[in-house]
Each structure stands twice: as structure tokens, then as C-alpha cells.
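Peer 1: The following comprises the amino acid sequence and a computationally predicted model.
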Amino acid sequence: MAEKYYSEIKDVHLSSNNYILVVPGWYPTWQDVFTGDFNQRHVKAAGQYMPQVVLYIVKDQSQTLTGIETRYKQLTENIVEITVMYPAKRNKWIDTIYSNLSYLKLLYAYAEIIKSRWGIPRLIHSYIVIRGGVGGFLLSKKWKIPFILSENWTIYYPEDPAYLGNRNVIFRWLVKLVFKNVKRFLPVTDNLKKQVYSLVKPIPSTVIPNAVDTDVFYYDKELVQENTFRFVHVSTMVYQKNPLALLRAFKKFTELFSGGCLYMVGPYPQDVLTYARSIGLDENAVRFTGAVSYPEVAEMLTLSQVLVLFSRYENLPCVILEALCCGLPVISTNVGGISEVIDTNNGILVNNEDEQQLTDAFTSIFTTYKNYDREKIALTAASLFAYKTVGNSINTVYQAVKLQG
């Protein structure tokens with residue numbers, strides 16, 4: 001059956017057949033390089049210790065494909081990425097059925113291709129409960145090997161409009177089925193672990209944070225500019241990130257102090273830019289960059305003084321960890337597991353939706369900025385979130401789960 005889709009894996013190799021099969025629910029593709037990039041960074045981190053084969057099966061969101069497209073990529077000698085994209089149907093109800101059946105069919109077909117090339121994996125590492133967790137569960141049953149689950153989704157928080165408690169019965173049943181069978185749960189924060197435990201039965205868990213590429217995000221004293229004061233916000237500026245409230249709070253700050261500029265980095269809805277200008281925040285006060293590359297984000301952070309987020313809900317945003325590795329103090333709402341990495345030594349936490357607190361935080365950090373030790377912030381963060389550290393933590397779980405059988 002597998003030959004129908006692809007007869008063999010060409011021009012990709014692993015350093016060893018003793019490998020982990022990664023089944024992510026989100027992962028970067030040639031259509032979208034950002035979605036699930038934090039999962040890819042985990043793979044890069046873990047790949048330093050154990051070979052990884054990534055099997056990512058995803059629907060074509062552009063609705064341009066007429067057939068299945070498969071791309072194989074040799075990321076490193078220890079990491080092979082296999083991305084399988086299938087076409088979408090225009091009718092919503094037909095597409096839902098077709099999409100689920102296509103996913104299952106392709107999952108088993110490409111699993112056989114992988115097995116024929118490298119043998120059965122030592123274990124399966126799923127990322128995101130749907131569809132990664134479901135795919136990992138099905139293959140673990142097929143091959144009678146354990147699977148583990150890393151989770152970064154916010155659906156376990158009531159503030160998320162997609163909250164698990166409000167989903168349909170089939171969706172909730174699938175989530176519980178995955179957690180019932182997973183060998184080890186790897187939430188990115190302790191707070192997320194507790195949220196999951198409140199909805200499903202507690203299971204063996206190890207908290208492993210998101211990883212940072214410290215070859216890209218690091219403190220460089222020579223690049224720090226002291227003649228300007230930049231606040232920087234990095235996101236897609238959607239509802240979760242609460243950008244309009246952030247702009248209102250910053251507007252109040254500009255009425256009290258001059259000399260500060262807020263850089264809004266990332267793809268932005270037009271109404272966010274329009275709103276900023278409508279309340280009197282011109283380009284000298286707030287600058288929108290649009291989407292930028294990963295290295296460009298690092299450069300923006302390095303050239304800034306403070307990262308600011310005002311999210312309604314989160315788990316552990318990668319940009320916070322990246323900013324810390326660049327030595328930036330952080331202003332953020334106290335949501336999700338953010339308080340596990342931000343304290344008075346490296347930033348300020350404010351209450352969700354409290355715009356006055358955010359304005360006060362702008363003022364406080366602007367007037368006391370020299371009290372923060374950027375080099376120390378960066379060194380501490382790198383010791384916790386670098387690929388080497390996070391990869392070693394993941395590998396420790398791999399070894400423990402394999403030994404348990």
C-alpha cells in the first residue's frame with residue numbers, strides 16, 4: 001500500500017536506526033514556516049542526543065493542491081523531516097470527514113515507508129494532543145511500543161475560546177484516550193500540567209520548557225544601544241495577544257514620559273495599525289515591522305531594552321525565553337506558566353487585562369532599567385533553555401521510558 005504514495009525514501013539518512021519517531025500536531029512546512037516552530041526546536045534539541053524521524057501529515061490550507069505532495073528533508077545527520085500534505089475539500093462537512101480519513105490513511109502508509117527504511121522506532125514522541133497525540137497513540141498500538149506527549153496548547157485554559165471543556169464529545173473523548181495511554185506527559189510548564197490534571201486523570205509527567213537556539217538568541221554587549229529606549233512586542237497580534245489594550249497602556253505611558261518607542265514585530269491585522277494611529281501613536285511612538293525572519297527577531301530583541309506581552313492566556317511563549325537569552329527584562333501578564341520564568345530579577349508581571357498595571361510597569365522598568373543585569377539574565381536563561389539543556393532533559397525521558405518498556 002505504501003508504494004502507492006512513494007516507493008522509497010531517497011537521499012535521506014540517519015546516523016543510526018536506533019531512532020525516535022516524532023508525530024507532531026503542528027510543525028513548520030513550506031507553506032507556513034512559523035506554525036509549530038517551537039516543536040521543531042525541541043526536535044533539534046533532542047536530535048543532538050537521539051536520531052529523530054519527523055512524520056508530519058497536514059492538510060493544504062491554501063486549497064491549491066490537487067493531490068498528495070511529499071517532501072523529505074535532511075535537517076541534520078540525526079534528523080529527517082517527512083512532510084506529507086493532502087488537498088482540502090471546499091465543502092466544510094465533506095472536508096472534515098475527508099481530512100480525518102486522509103490523515104489516518106497517510107499515517108499508516110508513511111509509517112510503513114519509515115519502518116521499511118529504518119525499522120520500528122524505539123518509541124514515539126508526539127507533539128500536541130490533536131492530531132499528534134492521536135497519531136502517536138495509533139502507531140504505538142500498531143507496533144506495541146510506548147509513546148510520549150509534549151504539549152504546548154492552551155485549550156486547557158478556560159480563557160481560550162477553544163477551551164477543551166467546551167469542545168464536542170468526540171474531541172474530548174479523543175483527548176482523554178490519548179492521556180489514558182501516554183507513557184509520559186511532557187508539559188512545557190508546571191502550570192499546564194496542573195491544568196491538564198484538572199481535566200484528565202493525573203499521569204507520569206516531566207516538565208520540559210520550550211527550547212531556544214542560543215546560537216541565534218544571545219546577549220551581545222557590543223550591539224546594545226543605550227541612546228534609545230525600545231520596548232518590543234513580538235506576536236501575530238491576534239485576540240490572544242490583546243494588542244489594542246497594549247497600545248492603550250503604552251499611549252498613557254507616552255503621556256508621562258518621552259524617549260520610549262514600541263516596536264510591534266510580526267504580521268499584524270490592519271485594524272491594529274489603524275487603532276494605534278487613531279489614538280495618537282504615530283510612527284515615532286509605535287513602529288510596525290510586519291513579519292520578519294527568525295534571525296531578524298533575534299536582532300530586534302538584541303537592539304531593544306524590554307520585551308512586553310499583554311496576553312490574555314498563554315503557556316510559555318518562546319519569545320519570552322528568547323528575549324531572556326538576549327538579556328532583556330520582560331513585562332508580561334501573569335498567565336499560564338510565565339511566572340515560572342519571570343521574577344523581579346528579570347522582569348515585571350501584571351494582571352491579565354489590567355491596563356493601568358501595564359502602564360505602571362512601563363514606567364517602572366523605564367525608570368529603573370539600569371538595575372537589571374542583562375548579562376546575568378542571558379546567562380541564566382541560556383543555562384535553562386539552550387538546545388543542549390532541553391535536549392538532555394528530553395533524552396533522559398527517552399532512556400527512562402525505553403528502560404521501562
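Peer 2: Yep, that arrived. What you see is a predicted model; the values in this text were computed from it and never measured.
Peer 1: check contacts around Pro204.
Peer 2: Residues counted as contacts of Pro204 (C-beta atoms under 8 Å, 6 or more residues apart in numbering) are 183-185. For every residue, glycine as well, the C-beta is placed using N, CA and C.
Peer 1: ugh, wrong one, I meant Leu358
Peer 2: With C-beta under 8 Å, 6+ apart as the criterion, the residues that contact Leu358 are 245-246, 249, 308, 310, 331, 350.
Peer 1: would you list the contacts of Pro204 in TSV and tack on pLDDT?
Peer 2: Written out in TSV, the entries for the contacts of Pro204 read as follows (pLDDT from 0 to 100):
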residue	pLDDT
Lys183	96
Arg184	97
Phe185	98
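Peer 1: Just send these back as TSV, with neighbour count too.
Peer 2: As requested, those are arranged in TSV below (neighbours: other C-beta atoms under 10 Å):
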residue	neighbour count
Lys183	20
Arg184	20
Phe185	25
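Peer 1: Which of those fall within strands?
Peer 2: In strands, defined here by DSSP state E, the members of the contacts of Pro204 are 184-185.
Peer 1: residue boundaries of the strands in the stretch 101-250 of the chain?
Peer 2: Listed from the start of the chain, the stretch 101-250 of the chain has strands (DSSP state E, counting those that start in this stretch) covering 123-127, 147-151, 184-187, 229-234.
Peer 1: Kindly reformat those strands as TSV containing distance to Asn315.
Peer 2: Supplementary listing: the strands of the stretch 101-250 of the chain in TSV, determined by distance: least, C-beta to C-beta, whole Å:
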stretch	distance to Asn315
strand 123-127	13
strand 147-151	8
strand 184-187	8
strand 229-234	16
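Peer 1: Can you check which of the ones you listed gets nearest to Val175?
Peer 2: Judged by C-beta to C-beta, the one of the strands of the stretch 101-250 of the chain that comes nearest to Val175 is strand 147-151, at 10.3 Å.
Peer 1: okay, among the contacts of Leu358, which ones form the most distant pair?
Peer 2: Distances among those were taken as C-beta to C-beta; the most separated pair is Ala245 and Ile331, at 13.1 Å.
Peer 1: Quick check: chain neighbours aside, which residue is closest to Ile279?
Peer 2: The spatially closest residue to Ile279, leaving aside those adjacent along the chain, is Lys251, at 5.3 Å (C-beta to C-beta, 6 or more residues apart in numbering).
Peer 1: The helix or strand containing that neighbour versus strand 229-234: what angle between them?
Peer 2: Lys251 is part of helix 243-256 when elements are defined by DSSP states H and E. Compare the direction of helix 243-256 with that of strand 229-234 by axes from the mean of the first three to the mean of the last three C-alpha atoms, to 10 degrees and you get 170 degrees.
Peer 1: Comparing Ala245 and Ile331, which shows the higher neighbour count?
Peer 2: In terms of neighbours (other C-beta atoms under 10 Å), Ile331 is the more surrounded of Ala245 and Ile331; the figures are 25 against 17.
Peer 1: quick one, what contacts Ile120?
Peer 2: The contact partners of Ile120, by C-beta under 8 Å, 6+ apart, come to 143, 145.
Peer 1: Flag the shaky bits of the chain, pLDDT-wise.
Peer 2: Counting by pLDDT under 70, the chain has low-confidence residues at 1-8, 225-227, 403-405.
Peer 1: just the helices in it please.
Peer 2: 37-46, 92-118, 134-143, 169-181, 190-199, 243-256, 270-278, 294-302, 318-325, 355-367, 374-385, 387-404 (DSSP state H).
Peer 1: and Glu159, which of the ones you listed is closest to it?
Peer 2: Nearest to Glu159 among the helices of the chain is helix 190-199 (10.8 Å), distances taken as C-beta to C-beta.
Peer 1: Output the contacting helices and strands for that closest one.
Peer 2: In terms of contacts (3 or more C-beta pairs under 8 Å, 6 or more residues apart in numbering; DSSP states H and E), helix 190-199 is packed against strand 184-187.
Peer 1: these two touch, right, Tyr157 and Asn166?
Peer 2: No: here Tyr157 does not reach Asn166: they are 11.6 Å apart, not a contact under C-beta atoms under 8 Å.
Peer 1: which of the two has more neighbours?
Peer 2: Between Tyr157 and Asn166, counted using other C-beta under 10 Å, the more crowded position is Tyr157 (20 against 12).
Peer 1: just the contacts of Leu358 now: which is nearest Gln74?
Peer 2: Nearest to Gln74, judged by C-beta to C-beta, of those is Val308 at 38.6 Å.
Peer 1: got a list of what the closest residue to the closest one other than its chain neighbours touches?
Peer 2: Distances taken as C-beta to C-beta, 6+ apart put Ile331 closest to Val308, at 4.3 Å, once the chain neighbours are dropped. For Ile331, the contact set (C-beta under 8 Å, 6+ apart) comprises 231, 306-309, 347-348, 350, 358, 361-362, 365.
Peer 1: can you check Thr389 too?
Peer 2: Ser383.
Peer 1: Can you tell me which of the contacts of Pro204 lies closest to Tyr27?
Peer 2: Distances from Tyr27 to the contacts of Pro204, taken as C-beta to C-beta, are shortest for Phe185 (19.5 Å).
Peer 1: Isn't the closest one up against Ser205?
Peer 2: Yes: taking C-beta under 8 Å as the definition, Phe185 is a contact partner of Ser205 at 4.3 Å.
Peer 1: what is in contact with those two at once?
Peer 2: Counting by C-beta under 8 Å, 6+ apart, the contacts common to Phe185 and Ser205 are Lys193.
Peer 1: which parts of stretch 165-182 are buried?
Peer 2: For stretch 165-182, the neighbour count (16 or more other C-beta atoms under 10 Å) marks 174-175, 178-179, 181-182 as buried.
Peer 1: export those to TSV and tack on distance to Met50?
Peer 2: What follows is the buried residues of stretch 165-182, written out as TSV (distance: C-beta to C-beta, whole Å):
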residue	distance to Met50
Leu174	28
Val175	27
Val178	22
Phe179	24
Asn181	22
Val182	18
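Peer 1: what's around Cys318, how many residues?
Peer 2: Count around Cys318 with other C-beta under 10 Å applied: 21.
Peer 1: And Thr380, by the same measure?
Peer 2: For Thr380, using other C-beta under 10 Å, the count is 17.
Peer 1: Could you report the separation of it from Leu321?
Peer 2: Thr380 sits 11 Å away from Leu321, going by C-beta to C-beta, to the nearest Å.
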